[in-house]
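> Next come a sequence and a model predicted from it.
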Amino acid sequence: MMFHILVADPLSEEGLKPLREHSDINVSVQTELSPEALLAEIPTYDALIVRSQTSVTAELLEKADRLKIIGRAGVGTDNIDLQAATQRGIIVVNAPHGNTNSAAEHTMAMIMSLSRNIPQAYHSLKQHEWNRKKFLGTELKGKTLGIVGLGRIGTEVAFRAKGQRMQVIAFDPFLTEEKAEKIGIGYGSLEEVLKAADFITVHTPLLKNTRHLINAEAFKLMKDNVQIVNCARGGIIDEEALYDAIVSGKVAGAALDVFENEPALENKLLTLPEVIATPHLGASTVEAQENVAIDVSQDIACYLQGSAAANPVNIPAISNEHMGKVKPYFLLAEKLGEFVSYQSDEAIEEIVLNYAGDVSEYEVTPLSRIAIKGLLKRHLGDHVNEVNAMYLAEKKGITVHENKTKTTKGFTNLLRIDIVTGKRTVTAAGTLLNGLGPRIVHVDQFHVDVTPTGHIVLIHHRDQPGVIGKMGNLLGTHHINIATMQVDRWDEGGKAIMLLKVDRHLEPDSISALKALPEIEDVRTIDF
Ligand SMILES: NC(=O)C1=CN([C@@H]2O[C@H](COP(=O)(O)OP(=O)(O)OC[C@H]3O[C@@H](n4cnc5c(N)ncnc54)[C@H](O)[C@@H]3O)[C@@H](O)[C@H]2O)C=CC1
Ligand SMILES: O=C(O)CCC(=O)C(=O)O
């Protein structure tokens, strides 16, 4: 199968090498597409790579029939409708580490340009003015830098500011005293940071609760003549409030790399001499662009070839070490989910995933997603995948529970899936046999031992002499060869099951003929 990848924003050519080296991946770089042209193009692509320019909207995703993965060559995914992607089963990956240094360096360049009026002085000199009085700056040494958001970039900025002999104080909901001490900075509440700082730089993502985090109220708390930097996302600072705070003289200057609306050609902040700005250049270095392009390219190639992505945004990430441990169980989880889905035709109300033994020691949610994917596939087809499995289950009104227990009887690991319907609970359990792969070992209360492959016929019947022979004869007359057969019963003459492996799919007439046998209560076929 050939995978088609569209690169819609400018990316380092070097960084696309991990994709170009695959003969089954075709890369098309089209960075000048209008939104309308992109809508027309998208149905033919399996993967889309963007930076911050292209808006990946729900409307675009609606048309993206083949799209499996979106790669964001950078950190912020606010230009991608993550909810719509998740609902459509499209995984979104980003490159969270590759541009950290560049963004931190850009922030420092902005702080230094701001404190010494470098852009304004440069502009004046180019206009043939030699004005030394107008551009009196301030030293950074001894000044306090307030950092709002001490993640990857915020932390790197803190280290660099310390190099400038600044005092640093930060606010981040995850910042502990221990971490602050380790970096050698102070920490406080948002209010404390805003009150203490001579320079304030924001490094949070743009989220519901960070939109306009720095607003008119926040400006009131700040020192007079404070200087503001935003190299994170437009919208974290309320632009109207910033404009007013500069015009009123409260804020002495602002350095902005990002804006609420980009490209920010008409932004009125740009008319103020106190505002210096760059057109979203925080990550625009040769190094960062190469790093992020390599990271997303590798993730996309990996994902398209069936492996897990390293930096997923809309499903939980799994560390390599953890992945090594749970990956062998993926096939078991998916096949068992698929198997159990055929045991009942009633509407599912609840799914319970029970992990016992070795497997219970791992983070099992990735397995649950895959089991639910297998389970929903019977009715939802290939539309369901590990990205949207939980969402689709919830949308269908199904509640999902996970149980873990270390103890197992007889098996070192056991995964049991219970499906609860309005009328009953059906169950299948499977294990991973060392070196032999997955086995289904329980169907409801019955013991079996079958590999979840090929064509399986599950027959519920009454335990009576001759029933096995009748059933074998009947399949023979329908030219169905039985490869393997398992029988188990509850008690003599009571409920029993047969689990047959047959060489081909059973047609409806064969199923009806089996059902017509008086001892047979139910016949189900599962084709893996
Ligand atoms: N200008 C540019 O070209 C670039 C901009 N960015 C942007 O920089 C920002 C930071 O990126 P990273 O450091 O990589 O992200 P990160 O995820 O490592 O750090 C973000 C931090 O913000 C904190 N945070 C969240 N809500 C907060 C709140 N209400 N108050 C205080 N802190 C809060 C989080 O706890 C986290 O520690 C993002 O918005 C990203 O999109 C990143 C790279 C380049
Ligand atoms: O792609 C870019 O140049 C912007 C980078 C950015 O804003 C990010 O990584 O969040």
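Okay, I see it. Ligands and ions are numbered 1, 2, ... in the order given.

> List the neighbouring strands of the strand or helix carrying residue 355 plus their orientation.
Per DSSP states H and E, residue 355 falls inside strand 348-357. Sheet partners assigned to strand 348-357 using DSSP bridges are listed as strand 399-405 (parallel), strand 413-421 (antiparallel).

> Could you point out the helix or strand that follows the last one?
Okay, so that is strand 413-421. Next along the chain after strand 413-421, taking DSSP H and E as the criterion, comes strand 425-433.

> what helices or strands is the next helix or strand along the chain from that following strand leaning on?
As assigned by DSSP H and E, the chain's next helix or strand after strand 425-433 is strand 437-443. In terms of contacts (3 or more C-beta pairs under 8 Å, 6 or more residues apart in numbering; DSSP states H and E), strand 437-443 is packed against helix 320-341, strand 425-433, strand 446-450, strand 495-502. For the C-beta atoms, the positions are set from N, CA and C on the backbone; glycine is no exception.

> Give me the nearest residue to whatever residue of the chain ends up closest to ligand 1, chain neighbours excluded.
Nearest to ligand 1, among the residues of the chain, is residue 151, at 1.7 Å (C-beta to the nearest ligand atom). In space, and not counting its chain neighbours, residue 151 is closest to residue 203: 6.3 Å by C-beta to C-beta, 6 or more residues apart in numbering.

> ok, now residue 344?
That would be residue 426: by C-beta to C-beta, 6+ apart, it lies 4.7 Å from residue 344.

> and the one you found, what does it touch?
If you count contacts by C-beta atoms under 8 Å, 6 or more residues apart in numbering, residue 426 has them with 340, 343-344, 418-419, 444.

> touching ligand 2 at all, stretch 101-115?
No: remark: stretch 101-115 sits outside contact range of ligand 2, by C-beta under 6 Å from any ligand atom, the gap being at least 7.1 Å.

> hmm, who's touching that stretch?
Residues from elsewhere that reach stretch 101-115, judged by C-beta under 8 Å, 6+ apart: 75, 118-119, 137-140, 145, 153, 156-157, 160-161, 164, 199, 201, 203, 227, 229, 231, 253-255, 257, 276, 278, 281-285, 287-288.

> now do stretch 404-422
By C-beta under 8 Å, 6+ apart, stretch 404-422 touches 329, 332-333, 336-337, 340-341, 343-344, 346-361, 364, 367, 371, 375, 425-432, 434, 441-442.

> So among the residues you listed, which ones count as buried?
Among these, those buried by neighbour count (16 or more other C-beta atoms under 10 Å) are 329, 332-333, 336-337, 340-341, 343-344, 348, 351-360, 364, 367, 371, 375, 426-432, 441-442.

> Tell me the confidence at residue 284?
Model confidence at residue 284, given as pLDDT, is 97.

> Tell me, how many residues neighbour the closest residue to it other than its chain neighbours?
In space, and not counting its chain neighbours, residue 284 is closest to residue 102: 7.3 Å by C-beta to C-beta, 6+ apart. The tally of other residues near residue 102 (other C-beta atoms under 10 Å) stands at 23.

> How about residue 175?
Neighbours around residue 175, by other C-beta under 10 Å: 20.

> Can you verify my assumption that it contacts residue 188?
No: at 9.3 Å, residue 175 does not count as touching residue 188 under the criterion of C-beta atoms under 8 Å.

> Nearest to ligand 2: which residue in the stretch 1-150 of the chain?
For the stretch 1-150 of the chain, C-beta to the nearest ligand atom, closest residue to ligand 2: residue 74, 2.6 Å.

> Quick check: which element contains that residue?
Judged by DSSP H and E, residue 74 forms part of no helix or strand.

> give me every residue that touches residue 290.
Contacts of residue 290 (C-beta under 8 Å, 6+ apart): 12, 14-15, 98.

> Which pair of the residues you listed spans the longest distance?
14 and 98 (12.4 Å; C-beta to C-beta).

> Settle it for me: which of these two has more neighbours?
Counted by other C-beta under 10 Å, residue 14 and residue 98 do not tie: residue 98 has more neighbours, with 23 against 13.

> need the residues of this structure near ligand 1, please.
Near ligand 1, when you scan the chain using C-beta under 6 Å from any ligand atom, you find 74-76, 96, 99-100, 103, 148-154, 171-174, 203-206, 209-210, 213, 231-233, 257-258, 280, 282-283.

> Now a ChimeraX select for only the buried ones of those.
Burial among those is assessed by 16+ other C-beta under 10 Å; the matching ChimeraX selection reads:
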select :74,75,76,96,99,100,103,148,149,150,151,152,153,154,171,172,203,204,206,210,213,231,232,233,257,258,280,282,283
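
> List the ones among the residues of the chain next to ligand 1 that fall in helices.
By the criterion of DSSP state H, membership of those in helices covers 100, 103, 152-154.

> Report the buried residues of whichever helix or strand comes after the strand holding residue 355.
For strand 348-357, the following helix or strand on the C-terminal side (DSSP H and E) is helix 365-380. Using 16+ other C-beta under 10 Å as the test for burial, helix 365-380 gives 365-378, 380.

> Show me which of those is closest to residue 397.
The closest of the buried residues of helix 365-380, once distances to residue 397 are taken by C-beta to C-beta, is residue 376, at 12.7 Å.

> contacting residues for the residue lying closest to the closest one once chain neighbours are set aside?
Spatially, and ignoring its direct neighbours in sequence, residue 376 is nearest to residue 384 (4.5 Å; C-beta to C-beta, 6+ apart). When contacts are counted by C-beta under 8 Å, 6+ apart, residue 384 touches 89, 373, 376-377, 392.

> Spell out which residues of this protein are next to ligand 2.
Checking the chain against ligand 2 by C-beta under 6 Å from any ligand atom, the hits are 51-52, 74-76, 99, 280, 282-284.

> let's see 8 Å
9, 51-53, 72-76, 94-95, 99, 103, 232-233, 258, 280-284, 288-289, 292 (C-beta under 8 Å from any ligand atom).

> Against residue 121, how distant is residue 132?
9 Å (C-beta to C-beta, to the nearest Å).

> So for those two, which sits in the more crowded spot?
residue 121 (17 against 7).

> quick one: pLDDT of that one?
pLDDT recorded at residue 121 is 98.

> you'd agree it is in a helix?
Yes: the assignment for residue 121 by DSSP: H, G, I helix; E, B strand; the rest coil puts it in a helix.

> Spit out the contact partners of whichever residue of the stretch 401-528 of the chain sits closest to ligand 2.
Here the stretch 401-528 of the chain gets closest to ligand 2 at one residue, residue 402, 33.5 Å apart by C-beta to the nearest ligand atom. Residues in contact with residue 402 (C-beta under 8 Å, 6+ apart) are 352-355, 364-365, 368.

> cool, and residue 291?
Neighbouring residues of residue 291 by C-beta under 8 Å, 6+ apart: 15, 95, 97-99.

> From the chain's centroid, how far away is the strand or helix carrying it?
Assigned by DSSP H and E, residue 291 belongs to helix 286-304. Mean-position distance between helix 286-304 and its chain equals 16 Å (C-alpha atoms, centre = their mean, to the nearest Å).

> Could you do stretch 5-20 as well?
What separates the centre of stretch 5-20 from the centre of its chain is 21 Å, taken as C-alpha atoms, centre = their mean.

> Quick one: end-to-end distance for that stretch.
Distance between the two ends of stretch 5-20: 10 Å, counting by C-alpha to C-alpha, to the nearest Å.

> For it, list every residue counted as buried.
Going by 16+ other C-beta under 10 Å, stretch 5-20 has these buried residues: 5-9, 11-12, 15-16, 18-19.

> what do you get for stretch 48-60?
Residues of stretch 48-60 classed as buried: 48-52, 54, 56, 60 (neighbour count, 16+ other C-beta under 10 Å).
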